[in-house]
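Colleague: Give me the fold of what follows.
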Amino acid sequence: MLKQCAVFSLLWVLVGCSEESPPASTPGDTQDLGCPGGKCDSWGDDDRHEPYEYPNVFIDEYAQGVGAVVDDLRLRVNSDGSGKMARSTPTLGNARVTCEGEPFRDQPTMAFCTGFFAGNDIFVTAGHCIARENWSCEDTHVVFGYGYWEKPDDPREAVSTIARENLYHCKDVLLTEFCDDVHGYYKDFAVIRLDRPVENRQPPAIRRAGQVEAGERLFMMGHPNGIPLKISTQGVVKESYLTGELWEGQEVELDRADGFFFDLEMFGGNSGGPVFNAATGVVEGIAHAYSGQDWVLDPEHDNTCTTLGVCGVNIECPVWAGAYPVTEYAEFIDKAVAGASKEELEAIPRDFSCPPPSEAPDAGPDAEVDASTE
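Modeller: Predicted structure coming up:
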């Protein structure tokens, strides 16, 4: 597992439906996905893969509902409703000053979060993705199909043109639940209404009762660091948020530990992305938190560029990545998909309030919330 751990006062970084049954070709256990490149372990190697590496039918069916959340600065909308990625969009190598040979360094970083299509004109993401400073619905788009379904000759050009049917505009925010000052894992959820119903895509099925159990296998789809869609495999639900590692010699204690915890590869930009049960294919929750230590200066290059942060090797990860269960929001999502007004949705009873700011002792640098991929 690479960048896991999250939300404690160590460099906080938070990572951005329907009743239909899952597609007939469900994934089964994640070992059925195979291990392209031989990189299938849950700690040391990078288990993120391109859609074309998994030609399984279920990948196409599940991936079609995953969308990139994109700021207006990163794209130009044409008069016919299609779009074009902004020329100023940096590659991962430029944005993170990554060293030669680091993964995906030539791919563009257009997105700042991830989310998934829930049906009709409804889109689900993480609350902190839209609680960003200076964020506005008016300046936000959702882009579907931002990924590689065949190996690209030019990583930028392959995803630079956006068809109208894949490009949507944020019309209204129906729900935002996010607490900025919680010392731990807490609610982090948002529901957005798009400018029109989504075309030619099926929403993934969501879990409607109970919660995934420790030991169950997971996979995740999203836009790590804003790059085109990646499938993160070989995940397992953990019994606790603690990995067993220490932070500066001490075990981390959180005030809140809601949701579930896992060892999938997690980066800024994955926030809001769906975390799937590998056996059933349903969405168990949305990814929202990790350590924030995506990239670290590489001493082998005299600290002039960055290399991937690997837990237990060049970074400390005392806490697993976290996701918030989607079950609690099933009623709200269903009514939103059915066309309920904002007033009707606001009348649905919600158990949400932000706890008082944590008084827990500092466990590292001052806390920061940064869901951007810049």
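Colleague: what distance separates stretch 168-175 from the middle of the whole chain?
Modeller: Centroid separation between stretch 168-175 and its chain, computed with Cα atoms, centre = their mean, to the nearest Å, is 18 Å.
Colleague: typo on my end, stretch 131-140
Modeller: Going by Cα atoms, centre = their mean, where stretch 131-140 is centred and where its chain is centred differ by 18 Å.
Colleague: Give me the contacts around that stretch.
Modeller: Residues outside stretch 131-140 that contact it (Cβ atoms under 8 Å, 6 or more residues apart in numbering): 16, 69-73, 112, 129-130, 169-173, 176, 178, 180, 192, 371-372. Quick note: C-beta positions are derived from backbone N, CA and C, even for glycine.
Colleague: Buried ones in that stretch, by neighbour count?
Modeller: Neighbour counts over stretch 131-140 (16 or more other Cβ atoms under 10 Å) mark Ala131, Arg132, Trp135, Thr140 as buried.
Colleague: TSV for these, including pLDDT, secondary structure and distance to Cys317?
Modeller: Output for these, formatted as TSV (pLDDT from 0 to 100; DSSP: H, G, I helix; E, B strand; the rest coil; distance: Cβ to Cβ, whole Å):
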residue	pLDDT	secondary structure	distance to Cys317
Ala131	86	coil	25
Arg132	79	coil	25
Trp135	91	coil	28
Thr140	97	strand	31
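Colleague: among those, which two are most distant?
Modeller: The span of the buried residues of stretch 131-140, defined through Cβ to Cβ, is set by Ala131 and Thr140 at 12.5 Å.
Colleague: now the helices for the chain?
Modeller: Here the chain has its helices, by DSSP state H, at 57-63, 92-96, 127-130, 157-160, 330-337, 342-346.
Colleague: Quickly compare the ones you listed and say which is most buried.
Modeller: The highest average neighbour count among the helices of the chain, using mean count of other Cβ atoms under 10 Å, belongs to helix 127-130 at a mean of 28.
Colleague: picking that back up, closest to Gly226 out of the helices of the chain?
Modeller: Closest among the helices of the chain, once you apply Cβ to Cβ, is helix 92-96, at 7.7 Å.
Colleague: could you list every residue that touches Ala163?
Modeller: Per Cβ under 8 Å, 6+ apart, neighbours of Ala163: Ser82, Gly145.
Colleague: Recalculate using a threshold of 7 Å.
Modeller: Ser82 (Cβ atoms under 7 Å, 6 or more residues apart in numbering).
Colleague: ok, now how distant is the nearest residue to Gly81 once chain neighbours are set aside from Ala111?
Modeller: Distances taken as Cβ to Cβ, 6 or more residues apart in numbering place Arg164 nearest to Gly81, at 3.9 Å, with adjacent residues excluded. According to Cβ to Cβ, to the nearest Å, Arg164 stands 19 Å off from Ala111.
Colleague: before we move on, back to that, rebuild the helices of the chain as TSV, extending it with distance to Asn314 and mean pLDDT.
Modeller: Listed next are these as TSV, based on distance: least, Cβ to Cβ, whole Å; pLDDT from 0 to 100:
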stretch	distance to Asn314	mean pLDDT
helix 57-63	31	77
helix 92-96	15	95
helix 127-130	26	92
helix 157-160	30	98
helix 330-337	40	96
helix 342-346	45	93
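Colleague: Quick check: which of those is nearest to Val283?
Modeller: helix 57-63 (8.9 Å).
Colleague: From the chain's centroid, how far away is the closest one?
Modeller: That offset, for helix 57-63, works out to 17 Å (Cα atoms, centre = their mean).
Colleague: now swap in stretch 100-113 and tell me
Modeller: On Cα atoms, centre = their mean, the centre of stretch 100-113 falls 15 Å from that of its chain.
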